[in-house]
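1. test case, fold it:
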Amino acid sequence: MIKVNDHIFYHIHATGNRYDNLWFPGSTFNVGRNGRNEFIEYYDTATIGVHLGDNETIPMSAAIRYFRKKQNNELLQNCQVLLEQAEKAIKEMGSYIREIIFEEIRQNEFPEHPSRMRSIWVCDESDISYWFDKVHSRKKTIYRVKLTGNIHRAANFPRNS
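-> Just a heads-up that it's a prediction; the model follows:
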């Protein structure tokens, strides 16, 4: 861990969620003490499956059984939707499983490092272009943040430049 004092970083925030009200010029808040971050909270409440409309979602395993029982013409009409939503669900479940595994390893092997479940991700200004597309949201805002406290700088990552 590295101790920083008023160090400038950048946070790419996926807008359109319940924490948008925290992000405004001059705001101050603590990270890492209580609760989970927005990324993990999403998975705590997400309904991952096939969305049929009218706010009805069938969990992925049940959706596969549901569509298998349909007649061929009805199955063909819904096949594209099922495949698109299955792809999204598999990606979402993979991300959640990855985070659970990373957290378990951190707790067991590196307890002195901060939890990914209670952190925010920041980057240096030179890395914004790399990370911007990695944030899975159509609406994003880049915030310049001044951090004081302990940070963990992750291993190097491949850059496009």
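2. list the buried ones in stretch 54-67?
-> By neighbour count on 16 or more other CB atoms under 10 Å, the buried set for stretch 54-67 is 57-58, 60, 63, 66-67. Heads up, the C-betas are built off the backbone N, CA and C, glycines and all.
3. now that stretch: mean pLDDT?
-> Mean pLDDT, stretch 54-67: 73.
4. measure that stretch end to end?
-> 18 Å (CA to CA, to the nearest Å).
5. the helices in the chain, which residues?
-> 38-45, 60-68, 72-109, 128-132 (DSSP state H).
6. right, and these - which one's nearest Val4?
-> Closest of the helices of the chain to Val4 is helix 128-132, at 18.2 Å (criterion: CB to CB).
7. quick one: mean pLDDT for that closest one?
-> Average pLDDT, helix 128-132: 90.
8. and that helix, C-alpha only, in CSV?
-> Coordinates of each C-alpha in helix 128-132 appear next as CSV, following Å, rounded to 0.1, in the frame of the first residue of the first chain:
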residue,chain,number,x,y,z
ILE,A,128,-7.9,7.6,-18.7
SER,A,129,-8.1,6.6,-22.4
TYR,A,130,-7.3,3.0,-21.6
TRP,A,131,-9.8,2.6,-18.8
PHE,A,132,-12.7,4.7,-20.2
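9. can you check the pLDDT for the nearest residue to Met117 once chain neighbours are set aside?
-> Excluding the flanking residues, the one nearest Met117 by CB to CB, 6 or more residues apart in numbering is Ile40, at 4.5 Å. Looking at Ile40, its pLDDT stands at 78.
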